[in-house]
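In: For reference, the sequence and a predicted model appear below.
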Amino acid sequence: MARRRTSPSSADRGRGDGPAFPPDRTGVVFKTDTRLRPDGEKGLLVNTLRGDEEYYRHRAQLWEIQALTPRTVSPASASG
């Protein structure tokens, strides 16, 4: 499935140097592999917040949860 660009994005209006993600010659900006869904090809393209919560609480694998966990960088120890 591909998303077609219908109007300029806010990124287009920001610096004035063209779109951040220019469309290809057919107008496609991003190509999305719709098979990469928790429930496979038959799953919903868009899930509800409740559906996402249920998925991450009961069925998600550890790496999926870790990918959503914010990371913070701690400064190196000053001792040395």
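Out: On my side now, so go ahead. Numbering: from 1, shown residues only.
In: where do the strands sit along this structure?
Out: 2-4, 28-31 (DSSP state E).
In: Out of these, which gets the lowest mean score?
Out: The minimum mean pLDDT among the strands of the chain belongs to strand 2-4 (a mean of 55).
In: for the chain, where's the lowest mean pLDDT among helices and strands?
Out: In the chain, no helix or strand scores lower on mean pLDDT, DSSP states H and E than helix 10-14, which sits at a mean of 49.
In: show me where this protein has helices.
Out: 10-14, 49-58, 62-68 (DSSP state H).
In: Next, format those helices as JSON lines and append mean neighbour count.
Out: The way it works is simple: take the backbone N, C-alpha and C, and place the C-beta from them, glycine included. Output for these, formatted as JSON lines (neighbours: other C-beta atoms under 10 Å):
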{"stretch": "helix 10-14", "mean neighbour count": "10"}
{"stretch": "helix 49-58", "mean neighbour count": "11"}
{"stretch": "helix 62-68", "mean neighbour count": "9"}
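In: Kindly reformat those helices as JSON lines containing distance to residue 22.
Out: Shown next, in JSON lines, are the helices of the chain (distance: least, C-beta to C-beta, whole Å):
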{"stretch": "helix 10-14", "distance to residue 22": "9"}
{"stretch": "helix 49-58", "distance to residue 22": "31"}
{"stretch": "helix 62-68", "distance to residue 22": "28"}
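In: Among those helices, single out whichever gets nearest to residue 30.
Out: Of all those, it is helix 10-14 that lies closest to residue 30, at 13.2 Å by C-beta to C-beta.
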